[in-house]
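> Whatever this is, show me its structure:
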Amino acid sequence: MANNRILVASGHGKDMSLFVTNCFEFSSIIEAAGDVDLVAPKRRKRSFLGDKLNRVANKLRRVARKPRRIEMEPYVIEDDYEFFFFVCLNVDQLVDVPAFVNRQDKCRKSAVMLLEVINSELASQTETLRLLDTFDHVFAFSRHSAEALQQYTKTPCSFLPGGADCLATGPASLKTERPINVYSMGRRSEDLHCQFRSWSDEGDFFYVYDIGHGLTAYSLKDARALTLSMIRRAQYFICYNMMVGPKAKLLGGKDWIPFRFFEGAAGGAVMIGSRPECAEFKDLFDWPDAVIDMPEDPASARPLLESLNRDPRRVTTIRYRNMVEALRRHDWVHRWENVLVSMSVAVPAGVMVRKSALEERIVTLSAEYEYLINLLSNITPGA
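Coordinates of the predicted model:
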């Protein structure tokens, strides 16, 4: 038997694209909690020509509604494990499950977490979805995705929300400087983006935004650290629901909670944008001012931000409440604990150690918040 009871696999080892950083972060938090061996196999080695031919073959297979070829290098599990957990970006990555050639022989229980599911595409992915039958449980990041997946597998499917590394994302102090006025990452309103760009061009307004899509990182660890650093140094963080952006037409009106909302709350930024139109958002982000809705007219954005800037008491409360609620219930370790309890696997001691660290941060922030609110109590908004 292995010294560690749990084997966690992640698809981030074969891809350095920025969109796999959530897989990297979740699996890293799991590993740090203890009793875990983490593996992230690399992409299969091919020649330049072989790689080009493989890409063409995968495109043709997609048109024919066939699974793409396995991209991950084969991984032979040497020890016996109580539990195998696969952190999977999306349904396409499920084709790599057979890369763990002896998983069912060496692991007593197994589960998979899908961080993104496009329900409208499932009917064309039925062959890939059969791989879900080889697991004991499937976790999906949205309720409606769990329900949709259940139609394609006999394996029980459950809702497991997204999360964040709350200790790394959030500043240790409410007084941390926030030199970035607005940080925009991912989905955005182009009209509002142009408005912020014009403010930035005019003068003293620091606007940080994406300049491309699907960028490749030198290091996922460094890429993640940079992103989190900007979130915790931003006054306002743009968070739009899935009805904004290119994927909206694929969703059939079914929204979910993007990771940006967990990250923005953990970082203590004031989140501006649009609330996800789903029941789970009302359950998981049920505190006042969790998201400040942006007006449809871009010209109304400046008056809104100026009114918030003139009310430091409200802004301080928003920052504090966002961080504390995230620390209390939206850290990745909370999700990992939910998985283990659902699978009747003993929770490692490291989970409680991290939860204690989260509570200590709450105590520190709460004491600081009381001090700051007392200082601000005599300041009239707009003064």
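
> Give the full set of residues in contact with Y218.
With contact set as CB atoms under 8 Å, 6 or more residues apart in numbering, Y218 has these partners: M16. C-beta: built from backbone N, CA, C; applies to glycine.

> Just give me the neighbour total for A9.
A9 is flanked by 26 other residues according to other CB atoms under 10 Å.

> so how far is Q93 from it?
Using CB to CB, to the nearest Å, one obtains 10 Å as the distance from A9 to Q93.

> ditto for W199
When CB to CB is applied, the distance between W199 and Q93 equals 40 Å.

> for L284, same thing?
Between L284 and Q93 the computed distance is 25 Å (CB to CB).

> okay, the two: which has more neighbours?
Using other CB under 10 Å, the more surrounded residue of L284 and Q93 is Q93, with 26 against 19.

> per-residue confidence at that one?
The predicted local confidence for Q93 comes out at a pLDDT of 89.

> swap in S184?
In this model, S184 is scored at 94, pLDDT.

> in the chain, which helix or strand is least confident?
Ranked by mean pLDDT, DSSP states H and E, the helix or strand of the chain with the weakest confidence is helix 48-63, at a mean of 59.

> Could you tell me how many residues sit around I118?
One way to gauge burial is a neighbour count; for I118, by other CB under 10 Å, it gives 17.

> From E127, how far out is it?
The spacing between I118 and E127, counted by CB to CB, is 16 Å.

> ditto for R108
As judged by CB to CB, R108 and E127 stand 27 Å apart.

> give me every residue that touches N338.
Residues in contact with N338 (CB under 8 Å, 6+ apart) are L160.

> distance of it from R197?
Shown here: N338 relative to R197, a distance of 41 Å by CB to CB.

> So what does the one residue sitting closest to the centre of the chain look like in phi/psi?
If you average the C-alpha coordinates of the chain and look for the closest C-alpha using CA atoms, centre = their mean, you land on F259, 3.6 Å from that point. Recorded main-chain torsions at F259 are phi -60, psi -30, according to degrees, to the nearest 10.

> try A223
phi -60, psi -40.

> And the pLDDT for the residue nearest to it when sequence neighbours are not counted?
Sequence neighbours aside, A217 is the residue nearest to A223 in space, at 3.8 Å (criterion: CB to CB, 6 or more residues apart in numbering). At A217 the predicted local confidence, pLDDT, stands at 81.

> wait, A217 sits on S17?
Yes: at 7.4 Å, A217 and S17 qualify as touching, with contact defined as CB atoms under 8 Å.

> SS state for S173?
Per DSSP: H, G, I helix; E, B strand; the rest coil, the local secondary structure of S173 is coil.

> give me every residue that touches it.
By CB under 8 Å, 6+ apart, the residues touching S173 are T364, L365, E368.

> who wins for most neighbours among those residues?
For the contacts of S173, the largest number of neighbours (other CB under 10 Å) sits with L365, at 21 neighbours.

> Looks to me like that residue is in a helix.
Yes: under three-state DSSP, L365 sits within a helix.

> mind listing what it touches?
Neighbour list for L365: S173, L174, Y320, M323, V324, L327 [criterion: CB under 8 Å, 6+ apart].

> in the helix or strand hosting the fourth one, what counts as buried?
Pointing back at M323 there. Here M323 sits within helix 312-329, counting by DSSP states H and E. Of the residues in helix 312-329, those buried under the neighbour-count criterion (16 or more other CB atoms under 10 Å) are 312-327.

> which of those lies closest to L149?
A326 (26.9 Å; CB to CB).

> In contact with the closest one, which residues?
So, once contact is read as CB under 8 Å, 6+ apart, A326 ends up touching A164, C166, T169, G170, F262, A265, A266.

> try it again with 10 Å
Shown in contact with A326 (CB atoms under 10 Å, 6 or more residues apart in numbering): 163-164, 166, 169-170, 261-268, 285, 334, 358, 362.

> which residues of the stretch 151-300 of the chain score low on pLDDT?
Within the stretch 151-300 of the chain, the stretches with pLDDT under 70 are 214, 243, 245-246, 248-253.

> since we're on S274, how many residues are nearby?
20.

> Tell me who's in contact with it.
Contacts here follow CB under 10 Å, 6+ apart; on that basis S274 touches 187, 189, 238-244, 255, 291-294, 296.

> try 6 Å this time
For S274, the contacting residues are Y240, N241, taking CB atoms under 6 Å, 6 or more residues apart in numbering as the criterion.

> Please report the distance of it from G11.
Between S274 and G11 the computed distance is 30 Å (CB to CB).

> just S124 next, same as before
S124 sits at a distance of 20 Å from G11 (criterion: CB to CB).

> Looking at these two, which is more packed in?
G11 (25 against 15).

> In the sheet, which strands lie alongside the helix or strand that contains Y236, parallel or antiparallel?
Remark: Y236 resides in strand 234-239, with elements defined by DSSP H and E. Strand 234-239 sits in its sheet next to strand 180-184 (parallel), strand 270-273 (parallel), going by DSSP bridges.

> okay, those, which one's buried deepest?
Mean neighbour counts were compared across the strands paired with strand 234-239 using mean count of other CB atoms under 10 Å; the top stretch is strand 270-273, at a mean of 24.

> and the angle for the strand or helix carrying E263 with strand 180-184?
Taking DSSP H and E as the definition, one finds E263 inside helix 259-266. Using axes from the mean of the first three to the mean of the last three CA atoms, to 10 degrees, the inter-axis angle of helix 259-266 relative to strand 180-184 is 160 degrees.

> could I get helix 259-266 in PDB with only the CA atoms?
Coordinates of each C-alpha in helix 259-266 appear next as PDB, following Å, rounded to 0.1, in the frame of the first residue of the first chain:
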ATOM      1  CA  PHE A 259     -14.600  31.100 -11.400                       C
ATOM      2  CA  ARG A 260     -14.100  34.900 -11.600                       C
ATOM      3  CA  PHE A 261     -16.700  35.400  -8.900                       C
ATOM      4  CA  PHE A 262     -15.000  33.100  -6.400                       C
ATOM      5  CA  GLU A 263     -11.600  34.700  -7.200                       C
ATOM      6  CA  GLY A 264     -12.900  38.300  -7.100                       C
ATOM      7  CA  ALA A 265     -14.600  37.700  -3.700                       C
ATOM      8  CA  ALA A 266     -11.500  36.000  -2.300                       C
END
